[in-house]
Each structure stands twice: as C-alpha cells, then as structure tokens.
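K.L.:
pasting the structure only:
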Ligand code: BYC
C-alpha cells in the first residue's frame, strides 16, 4: 500500500517494448499524424490538448504531471506540521502563504493532467493506493524550525532548478502552469534562505547549530530529487526527444550544486560532503557519491515517513467525502432547477 514504485496508468505497447521499439502503425492516417506531430516537436512547437499526440507521449505526460501534482500536495504535509509552531507572527504568515501556494500548484497541475483525458478521481486513486509516485524528498521528517528554512532554501531551490526548464515543455498546458508555479517557488526559496540567514547572523549558538543540523539532514535527499543518474534513468531519453524534459537529471543536479555551494558560503554553513571540490578543468564543483540504495528504498515505500504521509492524504480524502457529496448534490439541484 505504501509503495511509490508502480506506474500510474499502466503500460502501453511502447512502454512495454521499450521506448525505442518500433510500434505497429494502424493506418496511413495515423502515420501522417505521427509525422506531423514529430515535425512539430522538431520545430519546437507547443502541443495543445486538442491536438493529436501519440499514446506514449500522453501517458508520459500524465505520469510526470500527476507525480508532480501529488508532490505538491504531499509536500504541504511536512511544512503544515510547523504552522502552529512558527516562532513569530511574520514567520507564521509566510509559512501559511507558502503551504497554500503548494495546494494551488497541485490544483493547477491536476487540471493540466486532466486536459489529457484522465480524471481527477483516477489520479487521486493512483496516489491513495500507492500506485503513483510523489517526490522522495517528502518522506523525510521535519524535526526543528530550521527545517522550514532549509526546505525553502534547498528543496525549493532544487525544485526551481528542475522546474524552470519545464516552462518550455512541449505540452502547452503544463508549460503554462509552470510559469506561475516558478514565480511562486522563487518566493518560497527566498523566504527560506532569509529565515536561515536571520538565524545564522542574529541567532544564538544553539540556533546556528540547529541550522547546520538541518542542512546536514536535507542535503543528500535534495540531490536525489533530480532523479537517478542519466545512464540509469529509463524515461529521460524519450522525454528529452519529445521536449517534455529539456535538461537532464545529472545536468540539473550539477547546476544546483554549483549554485548552492556559493549560497552556503554566504550563509556560513558547511555542506555535509567532504568530497566537494572545485574542478577547474570542468568549471564545476565535484561532489561525493549519492546513496542510490537509500533513494530507491524511499521511492519503494520504505522511507522514514512514507506511511505517515500517505496515511494523512487518505484520511484527508475520506474526511472530505461529505464536502464532495454536498457539492455534487448542490450542483444537481441547480441543474434540475435550470432544466425546470
Ligand atoms: N522521487 O526515468 P526517470 C516541490 C522516479 S514538488 C520519486 O529519471 P523522469 C515542492 C520516476 O518517476 C517537486 N520518484 O524519470 C512541493 C521514474 O519512475 P516511473 C516535484 C522519482 O520522470 C512542495 C523513475 O524514478 N517535482 O518541489 O524522466 C513544497 C526513474 O526516473 C524521483 C516534479 O515532479 C524522485 N525524486 O524524471 C516544496 C517535477 N526521481 O514513473 C517543494 C516534474 C525519479 O517511471 N518531474 N523518480 O515509475 C520531473 O521533472 C521528472 O519526473 C523527474 C524524474 C526529474 C522527477
């Protein structure tokens, strides 16, 4: 029940045979449509919901967009946990706004996924039954207030790095949703960095130690957010060809490390990696080996908080049943009135 390791919508022929396997084309019409679609992708055109698209493209988008939506909604939980314990009114208002933004991001993304012909109920059912994934990062606990700042700085920082290229995703409804989401993510990242900077510059020794401890715990899971290395990423090659992904997992991870090392210096924290070293030849920071066994354990359902997170989402869905029923009853009543 708690695994995140299954596919969302099942495999079509192309999935089952591998993305590169030749697919039997049913008719000359379909061949023409496929050629037109490929030419539009090659020309950098955007695809709209009403346009013809191959099944595998549609399924890949439903998988990625719904995983993204689930991540936003599940991602509200670790921070929501701290709203009632924020240290000041200002911090509470900021955190509240951030968590509400995440709810909004989830809703834009579910709406984008729905344009591909999958209903909200189907998408949520896949989450609640453990068939759909959500980002591994949200299966880690938030132990102290410094975790709030660190999530903003590192988790949202990683999210922006990954999401800015999605503003140019070939599927237009997803790309449009991402533009607004990225603007809001930028505020999320800045508020986190500013909260940490305040603690590091004006805080007590204990508060500074709390920040360092949070950074130590979140650093490696953040590097995992970008997904497996390119040579072990089954979806990357096809998603890059289709312009769903514009930059590879490893390239984004490297860009994130390069940007974050400099920010850590200003903050006055140490990143927990003895192998971090500037590489003059590459023009990038080298970093240590990521524990991919831990990543796959967490993705497979065995992270520190997987049960808790999924349990909370299922409970919220069940507790909200009466609201959905009441809204439906109201809509039916209105429709009957109008018909009469
Ligand atoms: N966690 O072939 P790959 C946020 C899965 S929300 C779990 O590279 P792909 C925020 C992957 O799904 C952040 N699973 O896949 C919210 C695939 O499995 P399936 C969420 C992961 O899709 C609130 C398998 O591993 N962002 O920031 O080409 C508060 C092989 O991977 C993860 C998005 O969702 C992971 N970390 O690339 C604060 C962005 N990584 O589905 C912050 C949109 C990989 O084949 N998504 N997997 O069974 C993407 O950009 C891409 O889907 C990914 C993965 C880069 C994540």
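P.N.:
Structure received. The structure displayed is predicted, hence computed values, not measured ones.

K.L.:
Only C-alpha atoms from now on, for both contacts and neighbour counts.
P.N.:
Noted.

K.L.:
ranges for the strands of the stretch 201-340 of the chain?
P.N.:
Along the stretch 201-340 of the chain, the segments classed as strands by DSSP state E, counting those that start in this stretch run 277-279, 284-286.

K.L.:
Single out the most deeply packed of those strands.
P.N.:
Of all the strands of the stretch 201-340 of the chain, strand 284-286 carries the top mean neighbour count, a mean of 16, counting by mean count of other CA atoms under 10 Å.

K.L.:
So which elements touch that one?
P.N.:
Here strand 284-286 touches helix 249-267, strand 277-279, going by 3 or more CA pairs under 8 Å, 6 or more residues apart in numbering; DSSP states H and E.

K.L.:
Tally up the residues packed near residue 39, please.
P.N.:
Neighbour count of residue 39, defined by other CA atoms under 10 Å: 12.

K.L.:
ok so it is a helix residue?
P.N.:
Yes: under DSSP: H, G, I helix; E, B strand; the rest coil, residue 39 falls within a helix.

K.L.:
Now do it, the pLDDT please.
P.N.:
For residue 39, the pLDDT comes out at 97.

K.L.:
Next: residue 29.
P.N.:
With respect to pLDDT, residue 29 has a value of 88.

K.L.:
cool, residue 5 as well?
P.N.:
As predicted, residue 5 sits at a pLDDT of 36.

K.L.:
For the residue nearest the centre of the chain, give its distance to residue 111.
P.N.:
When CA atoms, centre = their mean is applied to the chain, the residue found nearest the centroid is residue 68 (4.1 Å). In this structure, residue 68 and residue 111 are 12 Å apart, going by CA to CA, to the nearest Å.

K.L.:
do the same with residue 328
P.N.:
According to CA to CA, residue 328 stands 19 Å off from residue 111.

K.L.:
The two: which has the busier surroundings?
P.N.:
Comparing residue 328 with residue 111 by other CA under 10 Å, the one with more neighbours is residue 111, at 20 against 12.

K.L.:
burial count for the residue nearest to the more buried one when sequence neighbours are not counted?
P.N.:
Once flanking residues are discounted, residue 111 sits nearest to residue 120: 7.9 Å by CA to CA, 6 or more residues apart in numbering. For residue 120, the count of nearby residues is 15 (other CA under 10 Å).

K.L.:
Do I have it right that residue 120 meets residue 110?
P.N.:
Yes: between residue 120 and residue 110 there is a contact under CA atoms under 8 Å: 6.6 Å.

K.L.:
For the stretch 51-200 of the chain, which segments count as helices?
P.N.:
With helices called from DSSP state H, counting those that start in this stretch, the stretch 51-200 of the chain shows them at 55-74, 76-80, 89-114, 120-128, 146-150, 156-163, 172-202.

K.L.:
Mind checking the helices and strands packed on strand 284-286 for the one nearest to the ligand?
P.N.:
Smallest distance to the ligand across these (CA to the nearest ligand atom): 5.8 Å, for helix 249-267.
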